[in-house]
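Enquirer: below are the sequence and a predicted model for it; my questions follow.
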Amino acid sequence: DAGVTQSPTHLIKTRGQQVTLRCSPKSGHDTVSWYQQALGQGPQFIFQYYEEEERQRGNFPDRFSGHQFPNYSSELNVNALLLGDSALYLCASSLFVPSGLNEKLFFGSGTQLSVL
Amino acid sequence: SQKIEQNSEALNIQEGKTATLTCNYTNYSPAYLQWYRQDPGRGPVFLLLIRENEKEKRKERLKVTFDTTLKQSLFHITASQPADSATYLCALPAGKSTFGDGTTLTVKP
């Protein structure tokens, strides 16, 4: 049973470029959440997708957008990259809970994005 | 908005001792609190969940307490081993799973 898989593992971009990160959730999970983790900090919630719709969003600008596909996989897109976007981007999958309170998140190993 | 703080950035202990990590939160009354372990370059891994009506939860060498009056959770690792060296994160289930910045534990042989 495959866990959460993310691709690519590492990525180097320059300022102003656009990037797409991909995530496949754990088998049986229908909800995908994306987090940004800067060095030395905890994961910061970006947004959550369920039934191909954005359900919740954290305090991130519109440059951050996402998509969920019918097979529950998801993409995170970041436009007009800034140096400050350099971070580990984590995808977490879970089963949808109407209250939004996820009791247990399963994380992928992340994509390390470096913006030069 | 809710805020979560883990008191120590780093904790160094000797093998065999008990490690105690602290997590404090404000502006929130969570139904439960979670603890995760994160190794360098990897995503967090779920360890334990403790509910508001539970004072203590155990799993093997791990023990978590939850004091809703103090708004604090303590995470203990007994008989610590070098393999326990990692960053430990606490998280509030505030719909958006708010994480603390973690405490990096180093267990020395």
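Expert: Structure received.
Enquirer: in chain A, which residue sits nearest chain B?
Expert: The nearest approach of chain A to chain B comes at residue A:107, 3.1 Å away (CB to the nearest CB). Where C-beta positions appear, they are placed from N, C-alpha and C, glycine not excepted.
Enquirer: what's around that residue, how many residues?
Expert: Residues near residue A:107, counting by other CB atoms under 10 Å in any protein chain shown, number 24.
Enquirer: ok, now residue B:76?
Expert: 16.
Enquirer: wait, what's in contact with it?
Expert: Contact analysis of residue B:76 by CB atoms under 8 Å, 6 or more residues apart in numbering or on different chains lists B:18, B:19, B:20, B:21, B:62, B:63, B:64, B:65.
Enquirer: in ChimeraX, select just the buried ones from those.
Expert: This is the ChimeraX syntax for the buried subset of the contacts of residue B:76, where burial follows 16 or more other CB atoms under 10 Å in any protein chain shown:
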select /B:19,20,21,62,63,64,65
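Enquirer: chain A: which of the contacts of residue B:76 is nearest?
Expert: So of the contacts of residue B:76, ranked by how close each gets to chain A (CB to the nearest CB), first place is residue B:21, at 13.3 Å.
Enquirer: helix/strand/coil for that closest one?
Expert: Secondary structure assignment for residue B:21 (DSSP: H, G, I helix; E, B strand; the rest coil): strand.
Enquirer: low pLDDT regions in chain B?
Expert: In the predicted model of chain B, residues B:94-96 satisfy pLDDT under 70.
Enquirer: can you pull out the strands in it?
Expert: For chain B, the strands defined by DSSP state E cover B:3-6, B:10-14, B:19-26, B:32-38, B:45-51, B:56-59, B:62-67, B:72-77, B:86-92, B:98-99, B:103-108.
Enquirer: pull up the pairing partners for the fifth one, direction included.
Expert: The reference is to strand B:45-51. Strand pairing for strand B:45-51, using DSSP bridges, gives strand B:32-38 (antiparallel).
Enquirer: identify the residues contacting the strand it pairs with?
Expert: Under CB under 8 Å, 6+ apart, the answer for strand B:32-38 is A:101, A:103-104, B:23, B:25, B:44-52, B:62, B:64, B:66, B:73, B:75, B:86-93, B:97, B:99, B:102.
Enquirer: narrow those to those that are buried.
Expert: Buried among the contacts of strand B:32-38 (16+ other CB under 10 Å): B:23, B:25, B:44, B:46-50, B:62, B:64, B:66, B:73, B:75, B:86-93, B:97, B:99, B:102.
Enquirer: residues contacting residue A:17?
Expert: Neighbouring residues of residue A:17 by CB under 8 Å, 6+ apart: A:81, A:115.
Enquirer: all set, thanks.
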